[in-house]
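Participant: How does the following fold in three dimensions:
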Amino acid sequence: PVESELFFKQLFSVIQEAEVHKEPPFFFFEKITVVFGEFIYIPILYFFMANFRRRETHILMLWFALPLILLSIPETKRITYLLPISIPNYVMISFTFLKTFFSYSQNTSNRKIKILLMVALLGMPIKYSIERIKPFGKKDKLSLWKKEMNEFMLHQKGKVVIYNEPKYIDAMFYFDIISYDHILSIDQINELQNHGFQVCYKIKNKYDCH
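Facilitator: Residues are numbered from 1 along each chain as shown. As a prediction, the model looks like this:
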């Protein structure tokens with residue numbers, strides 16, 4: 001019904017300005033260094049140069065480059081769109097790392113450079129993962145959020161939709177609600193209310209309802 005309609009609108013079109021992720025043309029070329037490591041272009045270039053004459057290399061490079069170019073054309077861009085090029089990137093990273101490792105084991109020349117390259121290929125993504133996950137930081141933020149949500153949900157009845165919720169995935173996981181991370185339009189709010197949903201929102205770390 002209305003939720004299915006909204007889902008497909010979000011998937012295939014831009015509903016309103018709040019949902020538009022306008023980014024420059026080279027957005028993905030920059031973000032792959034965040035997703036796959038700051039030195040991702042080294043294994044890409046090395047793999048291409050080392051295997052230029054092989055047909056499989058052309059297929060893999062096409063798999064990497066074509067989605068990147070096509071996704072860079074529209075103005076709407078999200079970092080999650082890089083998922084289709086994960087496999088070719090991991091293949092090129094693995095190839096470069098293993099090639100460097102075996103070269104380091106069998107050849108004593110340029111060992112410092114080889115060590116630096118292996119550390120860069122593995123160390124930087126691990127560093128970035130630690131920064132994102134924060135395994136040594138405080139872990140009570142989610143518990144505090146769940147407590148606030150529990151207190152809010154005690155006063156709600158029926159079918160609930162919460163928008164502008166940064167933890168919208170967690171909200172739908174822990175509670176029997178529908179949640180969005182963006183602001184809904186007036187027409188969308190009215191349509192949801194007409195279908196029996198109680199429409200609420202989060203603003204300045206507080207929840208309220210229409």
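Participant: residues in contact with residue 42?
Facilitator: By Cβ atoms under 8 Å, 6 or more residues apart in numbering, the residues touching residue 42 are 96, 117, 120-121. Every residue, glycine included, has its C-beta placed from N, CA and C.
Participant: Redo those residues as CSV? Include secondary structure and neighbour count.
Facilitator: Below are the contacts of residue 42 laid out as CSV (DSSP: H, G, I helix; E, B strand; the rest coil; neighbours: other Cβ atoms under 10 Å):
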residue, secondary structure, neighbour count
96, helix, 22
117, helix, 22
120, helix, 17
121, helix, 22
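Participant: Out of those residues, flag the one nearest to residue 53.
Facilitator: Distances from residue 53 to these, taken as Cβ to Cβ, are shortest for residue 96 (17.7 Å).
Participant: where's the residue lying closest to the closest one once chain neighbours are set aside relative to residue 54, distance?
Facilitator: Nearest residue to residue 96 in three dimensions, chain neighbours excluded: residue 43, at 3.6 Å (Cβ to Cβ, 6 or more residues apart in numbering). Distance, residue 43 to residue 54, by Cβ to Cβ, to the nearest Å: 16 Å.
Participant: How about residue 90?
Facilitator: The gap separating residue 90 from residue 54 is 18 Å, by Cβ to Cβ.
Participant: Now residue 176: phi and psi?
Facilitator: The phi/psi pair for residue 176 (degrees, to the nearest 10) reads phi -80, psi 70.
Participant: what number of residues lie near it?
Facilitator: 8 (other Cβ atoms under 10 Å).
Participant: Give me the pLDDT value at it.
Facilitator: Per-residue pLDDT puts residue 176 at 87.
Participant: Excluding sequence neighbours, find me the nearest residue to residue 178.
Facilitator: Per Cβ to Cβ, 6+ apart, closest to residue 178 is residue 161, 4.7 Å.
Participant: sorry, that was for residue 118
Facilitator: Once flanking residues are discounted, residue 118 sits nearest to residue 100: 5.5 Å by Cβ to Cβ, 6+ apart.
Participant: likewise residue 31?
Facilitator: That would be residue 79: by Cβ to Cβ, 6+ apart, it lies 5.1 Å from residue 31.
Participant: Give me the neighbour count for that neighbour.
Facilitator: Residues near residue 79, counting by other Cβ under 10 Å, number 14.
Participant: Backbone dihedrals for it, please?
Facilitator: According to degrees, to the nearest 10, residue 79 has phi -70, psi -20.
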